[in-house]
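Chemist: Let me see the structure of the following:
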Amino acid sequence: MPSRVNHVAIASDHYAINGRFYESLFGMKTSSKPRPARSVVLGDGYVGMNCIPRRDGRYSGLDHFGIEVDDVEATIAKIKAFDPSLSAVKRPPIRPFAAYSAHDPDTNIFDLSGPSMDKKDVYAENTWSGKRRISHIALRTRHAERCAQFYVEVFGLKPLNRTDDNWYLSDGRMILMIIPWRIADYYAQDPARAGLDHIGFEVESVEQLKKDMEFLIGENPHMRGRALGYGSEGEARLKLFQKCPLGCFHLTDIEGVHIDVAEASP
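Modeler: Here you go, the predicted structure:
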């Protein structure tokens with residue numbers, strides 16, 4: 001089985017309602033084995049999403065992503081062969097969705113798991129397909145080319161054609177987009193730390209999504225994302241976000257995570 005990007009995690013003080021946001025707007029399904037005191041776990045039929053509570057000393061927003069491999073031990077050996085300074089640490093048993101936590105050359109953290117380890121939750125419940133799905137995860141990092149080489153050599157992700165200075169790596173369905181981090185990109189706004197930048201969704205109709213957003217806010221005023229593009233700094237942040245060529249409509253979730261939306265090809 002080839003490697004695949006199997007989940008993304010979002011940390012939030014409002015993790016429960018943030019999970020409801022993705023369930024309501026994007027049609028994601030909650031796990032058949034919920035853990036309401038720990039997190040809200042959802043899936044689109046292929047990729048899982050774990051909405052987790054923000055813990056002390058941690059930041060809210062996109063937290064990490066996960067990769068499923070056929071052989072965890074062999075993959076750890078590949079990681080160390082790529083760079084002996086890289087390592088992985090076994091996760092505690094209270095974390096059922098990953099065997100190890102690991103990192104790439106820029107210390108971007110990801111979960112590492114095998115297929116048998118994900119049978120406990122929605123990450124393995126891939127027998128359905130909705131109209132809306134996670135299409136890409138974007139990582140903004142200092143040494144983009146080196147990190148792209150890491151994910152290609154260790155996990156076998158396939159490089160796609162490039163028309164800019166980003167890297168686009170595919171597991172056959174999901175895209176891991178790797179963007180060079182440059183402090184000059186943050187002129188006119190507070191610089192953001194390197195790391196996960198945004199997530200993307202593919203939908204059947206952007207116009208229908210907009211209508212669904214209006215309906216959702218009318219049903220529940222707490223289901224409103226953050227405002228985008230207001231004020232000089234907001235305008236600068238939105239312009240930087242809009243440079244992603246994989247989407248055409250932009251919004252945020254309850255926590256303020258940037259979401260890039262595109263229409264699915266017919």
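Chemist: Residues touching the longest helix along the chain, excluding its own?
Modeler: The longest helix of the chain (DSSP state H) is helix 206-219. Contact partners of helix 206-219, identified using C-beta atoms under 8 Å, 6 or more residues apart in numbering, comprise 21, 24-25, 132, 203, 223-224, 248-249, 251, 261-263. From N, CA and C alone the C-beta is placed, and that goes for glycine too.
Chemist: What is the neighbour count of Ser265?
Modeler: Neighbour count for Ser265, taken as other C-beta atoms under 10 Å: 5.
Chemist: And Ile134, by the same measure?
Modeler: 26.
Chemist: Roughly how far does it sit from Gly200?
Modeler: 7 Å (C-beta to C-beta, to the nearest Å).
Chemist: Please apply the same query to Lys239.
Modeler: Separation of Lys239 from Gly200 (C-beta to C-beta): 17 Å.
Chemist: Tell me the spacing between Glu233 and Leu251.
Modeler: Glu233 is 18 Å from Leu251, by C-beta to C-beta.
Chemist: For the two, indicate the residue with more neighbours.
Modeler: Ranked by neighbour count (other C-beta under 10 Å), Glu233 and Leu251 place Leu251 first, with 18 against 12.
Chemist: which ones are touching the more buried one?
Modeler: 213, 225, 228, 259, 261.
Chemist: what's the helix or strand for the second one?
Modeler: For Gly225, there is no enclosing helix or strand under DSSP states H and E.
Chemist: next one: the fourth one
Modeler: Ile259 is part of strand 258-263, with elements assigned from DSSP H and E.
Chemist: those strands in the stretch 151-266 of the chain, which residues are they?
Modeler: 158-159, 167-170, 175-180, 195-203, 249-252, 258-263 (DSSP state E, counting those that start in this stretch).
Chemist: where does the last one sit relative to the chain's centre, distance-wise?
Modeler: Strand 258-263 has its average C-alpha position 12 Å from the chain's average C-alpha position, going by C-alpha atoms, centre = their mean, to the nearest Å.
Chemist: what are the pairing partners of it, and which direction each?
Modeler: Sheet pairing of strand 258-263 (DSSP bridges) gives strand 195-203 (parallel), strand 249-252 (antiparallel).
Chemist: So which bits of the last one are buried?
Modeler: Yep, that's strand 249-252 we're talking about. 249-252 (16 or more other C-beta atoms under 10 Å).
Chemist: Return the closest of those with respect to Phe110.
Modeler: When the buried residues of strand 249-252 are compared for distance to Phe110 (C-beta to C-beta), Thr252 wins out at 22.9 Å.
Chemist: My understanding was that the closest one contacts Ile259; is that so?
Modeler: Yes - counting by C-beta atoms under 8 Å, Ile259 is a contact partner of Thr252 at 6.2 Å.
Chemist: Between helix 206-219 and the strand holding Ile259, find me the angle.
Modeler: Between strand 258-263 and helix 206-219, the angle comes out at 130 degrees (axes from the mean of the first three to the mean of the last three C-alpha atoms, to 10 degrees).
Chemist: angle of strand 258-263 against strand 175-180?
Modeler: Following the same axes, to 10 degrees, one obtains 130 degrees for the angle between strand 258-263 and strand 175-180.
Chemist: Just read off the phi/psi values of Thr75.
Modeler: phi -70, psi -40 (degrees, to the nearest 10).
Chemist: Kindly tell me how buried it is, as a neighbour count.
Modeler: For Thr75, the neighbour count with other C-beta under 10 Å is 24.
Chemist: Look up how far Ser205 lies from Ile254.
Modeler: Separation of Ile254 from Ser205 (C-beta to C-beta) stands at 23 Å.
Chemist: Same question for Glu153.
Modeler: Taking C-beta to C-beta, one finds Glu153 at 38 Å from Ser205.
Chemist: same check, this time on Gly114
Modeler: According to C-beta to C-beta, Gly114 stands 37 Å off from Ser205.
Chemist: Which one of these two is surrounded by more residues?
Modeler: Each of Gly114 and Ser205 has its neighbours counted (other C-beta under 10 Å); Gly114 has more, 17 against 13.
Chemist: and the nearest residue to the more buried one once chain neighbours are set aside, what is it in contact with?
Modeler: Nearest residue to Gly114, sequence neighbours excluded (C-beta to C-beta, 6 or more residues apart in numbering): Val72, at 4.7 Å. If you count contacts by C-beta under 8 Å, 6+ apart, Val72 has them with 99-100, 112-114, 117.
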